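> show me the folded form of this:
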Amino acid sequence: MYEILVSGLVSFLLIMVLMPWWIRRAHRKGLVGRDMNKKAKPKVAETGGVVVFISFIIGVIVLSAINYLSEQYTDMIIIMISLFSISIITLIAYIDDVSGWKKGFVRWKKPLITITAVIPLLPFMLARDTITILGNVITLPYLFYPLVMVPIGFVVATNAVNLLGGFNGIEAGLGTIGFATLLWFAWGTPFASFIMIAIACMLGFLWFNRYPSRVFPGDTLTYFIGGMFAIVAVFGYFQTVTILIMAPYILEGIIKSREIHYIWRNKRIFKPECFGKVQRDGSLKAPYPQTWSTTHIAMRLIRRIKGKCYENDVTFLMLGLYAIWCLIIIIFLG
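Next up, the predicted model:
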């Protein structure tokens, strides 16, 4: 247990030290984005997820060093393979981030590129031909799991997490709650330490990303979160639990899937976002007559209850409902 606490603390402290430096550097280099849910639209440092990932790597290295000295070699192998895979995913997202908002990879290309992150895991899953869903073991055709289900799972997980965001603290907040829930089920496995380091990183990032945010996560963080979900699910046999934990992201994907044909017809003038439409008093309302995101549903609900909706209202409602959902998962499956 001490090795997890030490490595998690190292990652947390690194973020607290490095993030202010990254924020200053991002502003100097013009790597900034507008905070669209505020009246003044202030410029905020982008791609803070890269600091999270660097801190995560160093935390894992510290963990591996302690495991090596303790001769826990089996855990080291699983952790290093997982780290290799998550590194590929995060690198793809970072390249997309530094290319500029909406100027990186074409939408349809990025999901295909993320399949490359599966490669490090394949040699260790070629013999798998079963999955367990709600306690029921299902036998699959030979190589169907590693060559079909795993790539699909990676594409869905990484890109689904990337769909839901746009409000201060919401991406990292959802990620923290999701990781904590996954940790409950993964406790006692080699993935527990992996997840705890990620939670420490999320908490450190939230200090700078909470309202009013000083840094945005970028795709680098959302793909990191999605990659963690995918790796633990397919490599650790936690498919059912992970799918349930990812329910908000899956719902967001279902809502946004309705936009495909509409965007294609209006691709030059319409690109729906999760953001709200800022009013004169700084409050928010849903920006479109149609509902293109769960955040739009949240804004309408809050305005109906309170009369006005502010950015923090949306974040707290989304995180609160997600925490309740995750608690239900733990009660019934834990």
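> pretty sure Ala229 is touching Val156, no?
Actually, residue 229 is Phe. It isn't Ala. No - if you go by Cβ atoms under 8 Å, Phe229 and Val156 don't touch, sitting 9.7 Å apart. Yep, even glycine has a C-beta here, placed from its N, CA and C like the rest.
> pick out whichever of these two has more residues nearby.
Shown here are Phe229 and Val156; by other Cβ atoms under 10 Å, Phe229 has more neighbours (27 against 20).
> ok, now which ones touch the more buried one?
When contacts are counted by Cβ atoms under 8 Å, 6 or more residues apart in numbering, Phe229 touches 157, 161, 178, 182, 242, 245-246.
> what is the neighbour count of the closest residue to Ser283 other than its chain neighbours?
Leaving out its chain neighbours, the residue that sits closest to Ser283 by Cβ to Cβ, 6 or more residues apart in numbering is Lys308, at 4.3 Å. Lys308: 14 surrounding residues under other Cβ under 10 Å.
> against Met299, how distant is Lys308?
10 Å (Cβ to Cβ, to the nearest Å).
> of all the contacts of Phe229, which two lie farthest apart?
The distance between the two most remote of the contacts of Phe229 (Cβ to Cβ) is 12.9 Å, for Val161 and Leu182.
> let me see the contact set for the residue nearest to Ser283.
Lys308 touches 281, 283, 302, counting by Cβ under 8 Å, 6+ apart.
> now it: phi and psi?
phi -140, psi 150 (degrees, to the nearest 10).
> what pLDDT does the model give it?
On the pLDDT scale, Lys308 is placed at 95.
> same question for Ser85.
On the pLDDT scale, Ser85 gets 92.
> please determine how far it is located from Ile77.
13 Å.
> higher neighbour count, the two?
Ser85 (24 against 13).
> tell me how far the helix or strand in which that one is found is from the chain's mean position?
According to DSSP states H and E, Ser85 maps onto helix 73-98. Offset of helix 73-98 from its chain centre (Cα atoms, centre = their mean, to the nearest Å): 14 Å.
> how much space between the closest residue to Thr116 other than its chain neighbours and Ser257?
Among residues not flanking Thr116 along the chain, Ile88 sits closest, at 5.7 Å (Cβ to Cβ, 6+ apart). Distance, Ile88 to Ser257, using Cβ to Cβ: 26 Å.
> show me the shaky parts of the stretch 101-250 of the chain.
Applying pLDDT under 70 to the stretch 101-250 of the chain picks out residues 101-108, 134-135.
> so Ile88 and Ser257 - more neighbours on which side?
Between Ile88 and Ser257, counted using other Cβ under 10 Å, the more crowded position is Ile88 (20 against 10).
> residue contacts, that one?
Per Cβ under 8 Å, 6+ apart, neighbours of Ile88: 116-117, 119-120.
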